[in-house]
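Colleague: fold the following, please.
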Amino acid sequence: TLFHLVLKSGYLPRACREWRSMDTAEKTWPACTKLFTFEDDDRQYEATLRNTGDYNSNMMTLLDNANSTANHLSDITNNCAHATTELDATNARVAKLEEQLTKALAALNANKNGEQKKTTLRTE
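Modeller: Sure thing, here's the model as predicted:
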């Protein structure tokens, strides 16, 4: 019978229990199709909910990963901005040192040339 096929399938255990609990007079074909159709629809609906739950769980994991990645990118961006600021400050210090060295070299060259002239003047 249909009942035995459904029972052996293991797909609709609630419907099988309900069918067994019914009086013999209630076990008609329309009652059978109504009960097992309803239970199968319910089984499919529950499976959809479980899959949706898995989907939502996976989506939450993906969102957590995306947020974590965004936070890491933000940290990297902040570190790059800080490094750029420090590099700009270092470049400014180097430019000042170059300016000071250029002035010092010019002064040394001026002294050297002046001493040579003095030496030259002395020897003449």
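Colleague: state the distance from residue 47 to residue 41.
Modeller: Distance of residue 47 to residue 41, given as CB to CB, to the nearest Å: 11 Å. Just so you know, the C-beta spots here come from the backbone N, C-alpha and C atoms, and that holds for glycine as well.
Colleague: correction: residue 16
Modeller: 16 Å.
Colleague: try residue 24
Modeller: For residue 24 relative to residue 41 (CB to CB), the value is 26 Å.
Colleague: tally up the residues packed near residue 19, please.
Modeller: Residues contacting residue 19 under the criterion other CB atoms under 10 Å number 20.
Colleague: what's the nearest residue to it if we skip its chain neighbours?
Modeller: Among residues not flanking residue 19 along the chain, residue 3 sits closest, at 5.8 Å (CB to CB, 6 or more residues apart in numbering).
Colleague: for the helix or strand harbouring that neighbour, packing partners?
Modeller: Using DSSP states H and E, residue 3 sits in helix 2-9. In terms of contacts (3 or more CB pairs under 8 Å, 6 or more residues apart in numbering; DSSP states H and E), helix 2-9 is packed against helix 13-21, helix 29-123.
Colleague: buried stuff in the first one?
Modeller: Residues of helix 13-21 classed as buried under the neighbour-count rule (16 or more other CB atoms under 10 Å) are 15-16, 19.
Colleague: quick one: that helix to helix 2-9, angle?
Modeller: Inter-element angle recorded for helix 13-21 and helix 2-9: 140 degrees (by axes from the mean of the first three to the mean of the last three CA atoms, to 10 degrees).
Colleague: so what touches helix 13-21?
Modeller: 3, 6-7, 27, 32, 35-36, 38-40 (CB atoms under 8 Å, 6 or more residues apart in numbering).
Colleague: in this protein, where is pLDDT below threshold?
Modeller: 50-60, 62-63, 65-75, 78-79, 114-124 (pLDDT under 70).
Colleague: stretch 32-50: how far from the chain's middle?
Modeller: Here the centre of stretch 32-50 is set off from its chain's centre by 38 Å, with CA atoms, centre = their mean, to the nearest Å.
Colleague: meant to ask about stretch 9-23
Modeller: With CA atoms, centre = their mean, you get 47 Å for stretch 9-23.
Colleague: and that stretch, how far apart are its ends?
Modeller: Distance across stretch 9-23, first residue to last, is 23 Å (CA to CA, to the nearest Å).
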